[in-house]
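[1] Generate a structure from the sequence data that follows.
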Amino acid sequence: MLDQAFAALDRARSIAEANLADAEELHASFVTSVVTQNASEWSTVPLGEIYDVRDGTHDSPKYQETGRALITSKNLGKSGLHFNKVKFISEEDYEAISRRSAVDKGDVLFAMIGTIGNPVVVEEEPDFAIKNVALFKMQSGRNGRVLRHLLAAKSVKDRMTKEAKGTTQRFVGLGYLRSFELALPAIEDEQKILALLDGSEKLSIKAENACRAKLYDLEDLRQSILQKAFAGELT
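    Reported below is the predicted structural model:
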């Protein structure tokens with residue numbers, strides 16, 4: 001009876017995991033379709049012509065127990081910027097890094113090494129420096145949230161992953177990002193596009209959460225069946 005029950009649970013888990021993988025790609029694929037549909041009307045230009053593209057320090061400053069946070073690609077997540085296991089640097093090192101790449105509210109951060117991508121908009125006034133992270137500074141009235149969506153498109157992620165350099169650890173350089181061509185809507189159309197893409201992202205997150213809840217329920221059911229089996233209640 002246990003073999004039959006667990007076999008059924010394994011089949012259900014495989015389906016739920018496949019659905020979760022599809023849900024995680026849902027928004028990225030939708031962004032690609034939006035770009036494709038509007039390609040004839042949007043301007044395809046190197047990112048460096050529209051944005052001030054910089055990167056953080058490549059040095060390894062001395063870390064300390066407290067001080068200013070140093071953000072790396074590990075702190076960029078799909079849900080935004082997080083400070084899990086962040087390292088701290090001195091005020092002097094913070095000032096030195098900021099002279100090269102000061103981060104402002106509304107800018108977009110982008111992981112350049114390892115897991116390439118995970119674009120994040122800086123939503124609050126920053127109090128940190130960056131290392132091995134690309135920085136897209138907004139200019140000419142551009143909205144960083146639009147750029148975040150476009151950089152997360154499946155077509156962009158696939159292309160950058162394919163063209164990345166390195167063997168043990170893949171990376172894209174600053175020059176590559178500045179010359180990377182991306183189709184962008186006109187400034188006056190950004191709000192309309194943003195509403196469309198925000199809506200798609202919300203639906204994608206809702207689908208992901210539903211799939212994860214299903215996986216949690218299946219694991220709870222597995223534990224419940226085991227407990228009943230050990231108690232002699234499985235009939």
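[2] rest of the way, CA atoms for contacts and neighbours
    Noted.
[3] what helix or strand is the residue nearest the centre of the chain on?
    Relative to the mean C-alpha position of the chain, the nearest C-alpha, by C-alpha atoms, centre = their mean, is the one of N118, at 2.3 Å. Following DSSP states H and E, one finds N118 within strand 117-121.
[4] roughly how far is that strand from the heart of the chain?
    5 Å (C-alpha atoms, centre = their mean, to the nearest Å).
[5] Now do the next helix-or-strand element following that strand: which elements does it pack against?
    Reading on from strand 117-121 to the C-terminus, the next helix or strand found by DSSP H and E is strand 128-130. Strand 128-130 makes packing contacts with strand 68-71, helix 91-101 when contacts are defined by 3 or more C-alpha pairs under 8 Å, 6 or more residues apart in numbering; DSSP states H and E.
[6] Which residues does strand 128-130 contact?
    With C-alpha atoms under 8 Å, 6 or more residues apart in numbering as the contact definition, strand 128-130 has outside contacts at 55-57, 68-72, 94, 97-98, 101-103.
[7] again, only this time at 6 Å
    56, 68-72, 94 (C-alpha atoms under 6 Å, 6 or more residues apart in numbering).
[8] how much space between the closest residue to I71 other than its chain neighbours and S179?
    In this structure, I71 finds its nearest non-sequential neighbour in I130, 4.7 Å apart by C-alpha to C-alpha, 6 or more residues apart in numbering. Between I130 and S179 the computed distance is 21 Å (C-alpha to C-alpha, to the nearest Å).
[9] Looking at the two, which is more packed in?
    I130 (23 against 14; other C-alpha atoms under 10 Å).
[10] Roughly how far does the more buried one sit from H58?
    Counting by C-alpha to C-alpha, the separation of I130 from H58 is 9 Å.
[11] So for the helix or strand L26 falls within, what gets flagged as buried?
    In the assignment (DSSP H and E), L26 maps to helix 2-37. Neighbour counts over helix 2-37 (16 or more other C-alpha atoms under 10 Å) mark 9, 13, 16-17, 19-20, 22-24, 26-28, 30-32, 35 as buried.
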